[in-house]
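S.K.: predicted model follows, preceded by the sequence.
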Amino acid sequence: MSAFGRLVFRKRMPRSAATAEEFGWRQLAGRLQVPHFHGRTPADEGCDVLAYEDVFASGRSGHLLGDLIALADEDPAAAGPVTALIDAVCDDLIAAVAGSGRTAALAECVPGLYADRIRPAGRIDTWWLDPTLTLSTGTDALPAVRDLTNWTITANGHHLPLDVPAAIRTTRTALDPATRWTTALTQGDPTEPNITNTPTGPGAVWLDFEYAGRNTIAGEAANLLWYLLALGGWLVPLHQRDTYIRTLRLHLPPAAHPTVEHAGLSTPHRHLDLRYTWPTGPGRQAALHRLLARLRTDLGAAADLPPGRELDYLRPFLTARILGVIDPRRLGDTERLLLLAKLAELQAGEAQFAHTDPLTTLTSVE
């Protein structure tokens, strides 16, 4: 045991990743609440071990955001700490703009979550333009996803265009390395396992600095929004279960998940009719509603999002998250249909994109 005893959290990483992580931490130290960094030691097989303060053992942190949401999903009276932590995250992003913000090209920003995934022949092309990636509504087979050009989708009564290749092309243009955005020094991956609350007062403690550095504020907001809407309460616990269990201390089962109530298609008319629900527990509802409220006000202003068009300006970052996190070949047809519905809503600028349905009965999904 080290001189720091049980108050140390050790993170083993490939040496190049450890270098990026340490550099990211050093850029944020003194700007955000982050764990103390105790040092870095070499390990075998080209890896290093980074030693951080264990903020839970030291008492600086209480619960991860994902655990707070799960607890409030079970007990709506516990939603207050969820909204308080979302406010702390938004306050930190706004303060980052005030302290280190400037308009910069995307090429100057950390590339891992967006630029690398949307590049030609990158992850998103490989996954979604694969000619073998097809869909089924249960009784009828759809063409390959890449061949859905000029199809339409009716999603919960909203008639929308559905064109995945066009969405990818538009996103690639919007996230060209030369495009310019409001940027600041931030953690880079604001998700439910990476943010904790402080038990003694308001504020957030940030974890995980792999993507820390200069990032777009729009990208930070989009990352958190999609995690709250789909990844944290649905896709990660179901399809990246090891990651979910490893990164969340309580890793409680999600309260609910989206479901398709009806799916029908007309190949001659190139039309898909979809009716779905997107139930979320009260904790997740509280987090989403608070983030959306801040996006419509001070956080949106800090990110230079035009009032009333916030989701329009988040669209390229959201599209990259929808298409670039989980390989669609790992998903079932129902889950792919739901992602395509969200993609179509987003491309059409539908407010329905961020809509969720409140739970009437709290039943866990194993």
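M.R.: Structure's in. What do you need? The structure presented is a predicted model; accordingly, all values stated were derived computationally and were not measured.

S.K.: ok, longest helix in the chain?
M.R.: Assignment by DSSP state H gives helix 80-100 as the longest helix of the chain.

S.K.: the next helix or strand after that one: how far from the chain's middle?
M.R.: Heading C-terminal from helix 80-100, the first helix or strand you meet, by DSSP states H and E, is strand 102-105. Centre-to-centre, strand 102-105 and its host chain are 22 Å apart (C-alpha atoms, centre = their mean, to the nearest Å).

S.K.: now do stretch 186-206
M.R.: For stretch 186-206, the distance to the chain centre is 14 Å (C-alpha atoms, centre = their mean).

S.K.: same check, this time on stretch 91-98
M.R.: In terms of C-alpha atoms, centre = their mean, the centre of stretch 91-98 is found 19 Å from the chain centre.

S.K.: residues making contact with that stretch?
M.R.: 31-32, 182, 184-186, 190, 204, 206, 217, 220-221, 298-299, 302-303 (C-beta atoms under 8 Å, 6 or more residues apart in numbering). Where you see a C-beta, it was placed from the backbone N, CA and C, and this is true even at glycine.

S.K.: most neighbours, which of those?
M.R.: Highest neighbour count within the contacts of stretch 91-98: residue 186, with 30 neighbours (other C-beta atoms under 10 Å).

S.K.: any idea how far residue 239 lies from residue 123?
M.R.: Remark: distance between residue 239 and residue 123 (C-beta to C-beta, to the nearest Å) = 16 Å.

S.K.: circling back to that earlier point, for the contacts of stretch 91-98, which one is nearest residue 107?
M.R.: residue 182 (15.1 Å; C-beta to C-beta).

S.K.: and the closest one, what element?
M.R.: Here residue 182, judged by DSSP H and E, is contained in strand 180-186.

S.K.: can you list the domains in the chain?
M.R.: 1-55, 61-358 (automatic domain parsing).

S.K.: which of the ones you listed is buried the deepest?
M.R.: domain 61-358 (a mean of 19; mean count of other C-beta atoms under 10 Å).

S.K.: contact partners for the nearest residue to residue 296 once chain neighbours are set aside?
M.R.: Of all residues not flanking residue 296 in the chain, residue 310 sits nearest, at 6.2 Å (C-beta to C-beta, 6 or more residues apart in numbering). Residue 310 sits next to 295, 296, 300 when contact means C-beta under 8 Å, 6+ apart.

S.K.: hang on, isn't the last one packed against residue 307?
M.R.: Yes - using C-beta atoms under 8 Å, residue 300 makes contact with residue 307 at a distance of 7.0 Å.

S.K.: and residue 11, how close does it get to residue 22?
M.R.: Distance of residue 11 to residue 22, computed by C-beta to C-beta: 10 Å.

S.K.: got it, and residue 73?
M.R.: Distance from residue 73 to residue 22, by C-beta to C-beta: 36 Å.

S.K.: got it, and residue 85?
M.R.: 26 Å.

S.K.: strands of the stretch 151-300 of the chain, start to end?
M.R.: Taking DSSP state E, counting those that start in this stretch to define them, one finds strands in the stretch 151-300 of the chain at 151-155, 158-162, 180-186, 195-197, 204-206, 213-216, 259-266, 271-277, 279-280.

S.K.: who's in contact with residue 37?
M.R.: Residue 37 makes contact with 22, 25, 26, 29, 50, 51, 52, 53, according to C-beta under 8 Å, 6+ apart.

S.K.: can you put those in CSV and add distance to residue 226?
M.R.: As requested, the contacts of residue 37 are exported to CSV (distance: C-beta to C-beta, whole Å):
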residue, distance to residue 226
22, 28
25, 25
26, 28
29, 28
50, 27
51, 32
52, 27
53, 29
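
S.K.: for residue 103, state which of these is nearest.
M.R.: Among these, and counting by C-beta to C-beta, the member closest to residue 103 is residue 26, at 23.7 Å.

S.K.: got the confidence number for the spatially closest residue to the closest one that is not a sequence neighbour?
M.R.: When the adjacent residues along the chain are set aside, residue 26 lies closest to residue 37, with 7.8 Å between them (C-beta to C-beta, 6+ apart). Here, the pLDDT recorded for residue 37 equals 97.

S.K.: repeat that for residue 140.
M.R.: 66.

S.K.: now for the lowest-mean-pLDDT helix or strand in the chain, which elements pack on it?
M.R.: Sorting the helices and strands of the chain by mean pLDDT, DSSP states H and E puts strand 141-144 at the bottom, at a mean of 77. Under the contact criterion of 3 or more C-beta pairs under 8 Å, 6 or more residues apart in numbering; DSSP states H and E, strand 141-144 touches strand 134-136.

S.K.: can you do 10 Å?
M.R.: strand 134-136, strand 259-266, helix 333-347 (3 or more C-beta pairs under 10 Å, 6 or more residues apart in numbering; DSSP states H and E).
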